[in-house]
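> Sequence and predicted structure are below.
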Amino acid sequence: MTTLIETRPLLYVRSIAARRRPHLLGELLIVFVLLRVYDMARARAEVRQGAALQHGQAILDLERWMRIDMELATNLWVTAHQALSLTASYFYQFAHVTVTLTVLGWCWLRRPEIYRAARNALVITNIFGLTVFLLLPVAPPRLLPGEGFVDAVALAGFGATHGGPVAADQYGALPSLHLAWAVWATVIAMRMLASSPLRRLCWLYPVLVTVGVVVTGNHYLLDAVAGTAVALTALAMVQGSETYFPRKARAAAVSRR
């Protein structure tokens, strides 16, 4: 009984602290630091070019051996249809950042009790991805010489470097952060829509992102698999937080001791 009486106030204090939103300035600083690190990785593009092309070719060869190399066929088919190509290119350029920041901001505003865990998972995802970019650069299909891929995003008017909200790392194909962010956004959105019958439709988003990154010539199928694995691993690393173990469930577990 003494243990239960002593524990409940502690759980209550922790739950109150968890519901307080972190200062917005601090959250913006985290985003700024991540963008700066990403810029540092992109600045080393020339140094990484040779290795990136070799690694990209190796991934494509592996997919051919596995008989899952559908990138070229889908890329050529989509780019032969202008409306589809433009739709895929604009989706690739703008959905990535827009959806992720919208979910992050929505979580900060409406669900502060799960925000910290959600933000931490996103930070871990990016740190892991940027580390791989530096240590194992991979060129996307569109940059492989002699393979015949069409750069759909460049054809849509965004240039060879795909200028947009966040300029692309030309040799950071593996893992696909487009997929990693999409899976993260889906899991967090579903957590916030727990009582909505529409929550399962959220999984359509990463499916559409997978199609978009492949048909535009920006990622291999294995990049999407790797990006998904990175996001799910990052989310698993924060499972001890209030995001996955709400206060009521934890208090009930304590009372049964």
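Looks like it came in fine.

> which phi and psi does I68 have?
Phi and psi for I68, reported as degrees, to the nearest 10, are phi -120, psi 20.

> Surely it touches A224?
No - the pair I68 and A224 fails to qualify as a contact (CB atoms under 8 Å) at a distance of 11.0 Å. In short, each C-beta sits where N, CA and C put it, glycine included.

> neighbour count winner among the two?
Between I68 and A224, counted using other CB atoms under 10 Å, the more crowded position is A224 (25 against 13).

> tell me the mean pLDDT for the helix or strand encompassing that one?
Under DSSP states H and E, the secondary-structure element containing A224 is helix 221-237. Model confidence over helix 221-237, given as mean pLDDT, is 96.

> List the buried residues for it?
Along helix 221-237, the positions that meet the burial threshold by neighbour count (16 or more other CB atoms under 10 Å) are 221-228, 230-232, 234-235.

> ok, residues contacting that helix?
The set of residues that contact helix 221-237 without belonging to it, under CB atoms under 8 Å, 6 or more residues apart in numbering, is 59, 62-63, 68-71, 121-122, 124-125, 128-129, 138, 173-184, 187, 206, 209-210, 213-214.

> Filter the residues you listed down to the buried ones.
In those, burial by neighbour count holds for 59, 63, 69, 71, 121-122, 124-125, 128-129, 138, 173-184, 187, 206, 209-210, 213-214, counting by 16+ other CB under 10 Å.

> what's the first-to-last distance across stretch 36-53?
Distances were taken as CA to CA, to the nearest Å; on that basis the terminal residues of stretch 36-53 are 25 Å apart.

> could you give the mean pLDDT of it?
Averaging pLDDT along stretch 36-53 yields 72.

> got the residue ranges for the helices in the chain?
Here the chain has its helices, by DSSP state H, at 2-19, 24-43, 45-66, 71-79, 82-110, 112-135, 152-153, 177-192, 204-215, 221-237, 247-255.

> Export these to a markdown table and append columns for distance to T161.
Putting the helices of the chain into a markdown table (distance: least, CB to CB, whole Å) gives the following:
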| stretch | distance to T161 |
| --- | --- |
| helix 2-19 | 41 |
| helix 24-43 | 9 |
| helix 45-66 | 9 |
| helix 71-79 | 18 |
| helix 82-110 | 12 |
| helix 112-135 | 16 |
| helix 152-153 | 10 |
| helix 177-192 | 16 |
| helix 204-215 | 16 |
| helix 221-237 | 19 |
| helix 247-255 | 47 |
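
> nearest to D169, of these?
When those are compared for distance to D169 using CB to CB, the nearest one is helix 24-43, at 4.8 Å.

> So what's the residue count around Y115?
The number of residues packed near Y115 is 25, by other CB under 10 Å.

> typed the wrong thing, it's L144
L144, neighbours per other CB under 10 Å, totals 20.

> Identify the residue nearest it in space, chain neighbours excluded?
Beyond its immediate neighbours in the sequence, the residue positioned closest to L144 (CB to CB, 6 or more residues apart in numbering) is G56, lying 5.5 Å away.
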